[in-house]
Every structure is written in C-alpha cells, then in structure tokens.
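[1] next input, structure requested:
(chains A and B)
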Amino acid sequence: GESVGLHLPTLSVQEGDNSIINCAYSNSASDYFIWYKQESGKGPQFIIDIRSNMDKRQGQRVTVLLNKTVKHLSLQIAATQPGDSAVYFCAENPFMDSSYKLIFGSGTRLLVRP
Amino acid sequence: GAGVSQSPSNKVTEKGKDVELRCDPISGHTALYWYRQSLGQGLEFLIYFQGNSAPDKSGLPSDRFSAERTGGSVSTLTIQRTQQEDSAVYLCASSFDSGGTDTQYFGPGTRLTVL
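    Numbering: from 1, shown residues only, chains lettered A, B, ... in the order given. This is a model prediction of the structure:
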C-alpha cells in the first residue's frame, strides 16, 4: 500500500556535526517530495522539496537527496545547530489527479547535543 | 505578514459533545487543508478546499466530521458526538493555489482532548 516511513525515530547529534534523516517511500508514482520541520507546539514548517526528475537539491544548510531506484529520500543538515532540534517529516504526493494531497511519514525526532 | 491562525489552541471536551475548530488562512490563499496529527504520528489528510470548487472530503474518517469554508476564507471543522479516539492535534494549512508544488503553510494547530 501507499506509505511513507522513516528508518530512525530519534536521531541524536552533536552540535556542529552533520545530520542525515532518512525516509523510505513505497509509491513509485510519487513525483514530488517535501521535508517539513515541526517544533514543539507549532505547525510543520516547509524546509525543502524535490521533484522526481531531480536527484539532489540544496538549500541553506540543507540538502535533499532522492534515490528513485530504491525509493529513498534523505535530508542532510550541515553544521547542526540547537535550533534544528525538532521532528522532521517527509511527505510525498503520489496522486496524479490530486496533486495537493500529501502523505506524511511518522517523523524523526532530531536532538542536538550542546 | 500574518500566518495561518487557528482557534482555540486547546480544547477539552467530554465524550459525546460537539466541537468546532476554526482556521483563518493566509490572506489571498485560495487553497485550504485540514489534517489530523495523533500523538507521535505524522499528519493525516482530512479535507481540502479550493476556491468555489466542491471540497475533497476523502480523508474525513467518519460522518461525524464535517467542514465548511465561508466566503473562500475562514474554515470551520466540526466534530459531532466526539469520541476519545478523536483526541489529536488538528492542523490547518493554506497555499496560494492548489498545484502540487505550492507550499502549504501550517497553523499552530488545535489540540483536542476528549475525556
């Protein structure tokens, strides 16, 4: 069935190190993927997105990698900071006729140690 | 500018009562979404509004759930005869349009607790 899942429910990193958050998706029809960050008590905040015709996209301190062969998505955060501590969700859109409908994974909690 | 706002921020109700949750989208955004987030889980799509088109209600879990959007702006999610399993954070989002790549901006959510 359609699902988006994460390999690691909790990731703890040292401040200044790089973080990698992974996500597996099951629907090969998905052509759009997004990473959201959710801090405690707040709604999800868009971080970065990527379309299926790309393998890599970079933002400010973040990089998203897409491997369509193994249906894997990752978010890399460079020089992780305490403010990066949050829950990170990947989301996909597999619905060709409902491009607005996103399927979210269950999330990975990132903890940044000072 | 102002983001998506939701009210109330917290709602505690008794089983069997009806509740109404409100969402004020970003001004000018034509698309509005409701999601439900259970504890420790990802977001579950509930309903989508786009302009004057008929809403996509495919994510509503039962007929106790309904939503409306008046004047293409404010939306209200109503849960009738609440059950304990309805306890969750209800998130609203809006986007400028409904294209698949239009960023959805989320509100802070309403935490619903059904006793």
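[2] from now on I want contacts and neighbour counts done on CA atoms only, so please keep to that.
    OK.
[3] in a strand, B:Arg111, correct?
    Yes - the assignment for B:Arg111 is a strand, going by DSSP: H, G, I helix; E, B strand; the rest coil.
[4] who does A:Tyr88 form a beta bridge with?
    Beta-bridge partners for A:Tyr88, by DSSP bridges, are A:Lys37, A:Thr108.
[5] need the pLDDT of it.
    On the pLDDT scale, A:Tyr88 is placed at 95.
[6] just the one 4 residues further on next, same as before
    Reading off the per-residue confidence, A:Glu92 sits at a pLDDT of 90.
[7] what does A:Arg109 give?
    On the pLDDT scale, A:Arg109 gets 93.
[8] and it, how many residues sit next to it?
    Applying other C-alpha atoms under 10 Å in any protein chain shown, we find 21 residues neighbouring A:Arg109.
[9] the residue positioned nearest the centre of chain B pairs with what?
    In chain B, the residue lying closest to the centroid (C-alpha atoms, centre = their mean) is B:Trp34, at 3.1 Å. Using DSSP bridges, the bridge partners assigned to B:Trp34 are B:Ile47, B:Cys92.
[10] I'd say it and B:Ala93 touch.
    Yes - the pair B:Trp34 and B:Ala93 qualifies as a contact (C-alpha atoms under 8 Å) at a distance of 6.4 Å.
[11] and the pLDDT for the residue lying closest to B:Ile79 once chain neighbours are set aside?
    Closest residue in space to B:Ile79, ignoring its immediate chain neighbours: B:Phe65 at 4.7 Å, by C-alpha to C-alpha, 6 or more residues apart in numbering or on different chains. Looking at B:Phe65, its pLDDT stands at 98.
[12] any stretches of chain B with poor pLDDT?
    Along chain B, the parts satisfying pLDDT under 70 run over B:1, B:98-101.
[13] if we can go back for a sec, check contacts around the residue nearest to B:Ile79.
    For B:Phe65, the contact set (C-alpha atoms under 8 Å, 6 or more residues apart in numbering or on different chains) comprises B:77-80.
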